[in-house]
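In: Here's a sequence, model it:
(chains A and B)
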Amino acid sequence: KNEVEQSPQNLTAQEGEFITINCSYSVGISALHWLQQHPGGGIVSLFMLSSGKKKHGRLIATINIQEKHSSLHITASHPRDSAVYICAVDNYGQNFVFGPGTRLSVLP
Amino acid sequence: DTAVSQTPKYLVTQMGNDKSIKCEQNLGHDTMYWYKQDSKKFLKIMFSYNNKELIINETVPNRFSPKSPDKAHLNLHINSLELGDSAVYFCASRRRQTNTGELFFGEGSRLTVL
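Out: Numbers count the residues shown, from 1 in each chain, chains lettered A, B, ... in the order given. Presented below is the predicted three-dimensional model:
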């Protein structure tokens, strides 16, 4: 069993739908990161969380440290949101452990 | 200016060859990483350097050797390439002392071994 799990693995949505991607982890962490990888291959950091909630545009990320769970929400989804979303946990600066990713396709 | 740059972006080579991938960051970060991304898009740590010193060396074949000439560079040398080495290799960097520094990735280097 991976130390970081994500669900769903694949997600297809219609443009405008509200999307939720979940991440659960089994190790102690100092922070959790949400990353986005577009079909072109580059990886960018969306959020870094150690508690609570963060919002950036149509993206919202939450974390519950006690339950070892985080969610990434996308409101009013758009085809340009199509990408692989990766959850990564930060092991107190030692290393990152990555989830397997969630492949999102938003259809027009 | 690109924050983390890798070269080459694409590399096609024959089995048995030796190749290198270079990585440079201009962010002033003290920690750099090499990750391997397999065909299922799963990222795995290979090496981590902090201030030019190796701090993580996961179970990778010793055909892979990282070299950090200074804090801004972390190059990856691969000897005697094998078919299974085909993957996308990502370099990344961060500022470690905060323990929560954001991770910046290079664009990736797609290695194809024939």
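
In: Now do the same contact list for the most centrally placed residue in chain B.
Out: With distances taken as C-alpha atoms, centre = their mean, the residue of chain B nearest its centroid is residue B:34 (2.9 Å). Residue B:34 makes contact with B:23, B:45-48, B:66, B:74, B:76, B:89-91 under the criterion C-beta atoms under 8 Å, 6 or more residues apart in numbering or on different chains. Quick note: C-beta positions are derived from backbone N, CA and C, even for glycine.

In: among those, which are in strands?
Out: Judged by DSSP state E, the contacts of residue B:34 include B:23, B:45-48, B:66, B:74, B:76, B:89-91 as members of strands.

In: sorry, back to before: closest to residue A:42 out of the contacts of residue B:34?
Out: Nearest to residue A:42 among the contacts of residue B:34: residue B:90, at 9.2 Å, using C-beta to C-beta.

In: if I look at the closest one, how far off is chain A?
Out: Distance of residue B:90 to chain A, given as C-beta to the nearest C-beta, to the nearest Å: 7 Å.

In: how close does that residue get to residue A:86?
Out: Separation of residue B:90 from residue A:86 (C-beta to C-beta, to the nearest Å): 11 Å.

In: Compare the two (neighbour count), which wins?
Out: Remark: of residue B:90 and residue A:86, residue A:86 carries more neighbours, 28 against 25, as counted by other C-beta atoms under 10 Å in any protein chain shown.

In: just checking, that one touches residue A:37?
Out: Yes. Contact between residue A:86 and residue A:37 holds when scored by C-beta atoms under 8 Å: they sit 6.3 Å apart.

In: joint contacts of those two?
Out: Common neighbours of residue A:86 and residue A:37 (C-beta under 8 Å, 6+ apart) are A:43, A:101, B:41.

In: Return the distance of the second one relative to residue A:86.
Out: Per C-beta to C-beta, residue A:101 is found 5 Å from residue A:86.

In: Check the last one too.
Out: For residue B:41, the distance to residue A:86 equals 8 Å [C-beta to C-beta].

In: And the first one, by the same measure?
Out: Distance of residue A:43 to residue A:86, computed by C-beta to C-beta: 7 Å.

In: shared neighbours of these two, which are they?
Out: A:35-37.

In: Please name the residues that touch the spatially closest residue to residue B:16 that is not a sequence neighbour.
Out: Spatial nearest neighbour of residue B:16, chain neighbours left out: residue B:80 (5.8 Å); criterion: C-beta to C-beta, 6 or more residues apart in numbering or on different chains. Neighbouring residues of residue B:80 by C-beta under 8 Å, 6+ apart: B:16-18, B:63.

In: residues making contact with the lowest-mean-pLDDT helix or strand in chain A?
Out: Lowest on mean pLDDT, DSSP states H and E among the helices and strands of chain A sits strand A:96-98, with a mean of 88. Residues from elsewhere that reach strand A:96-98 (C-beta under 8 Å, 6+ apart): A:3-4, A:25, A:27, A:33, A:86-91, B:33, B:42-45, B:103.
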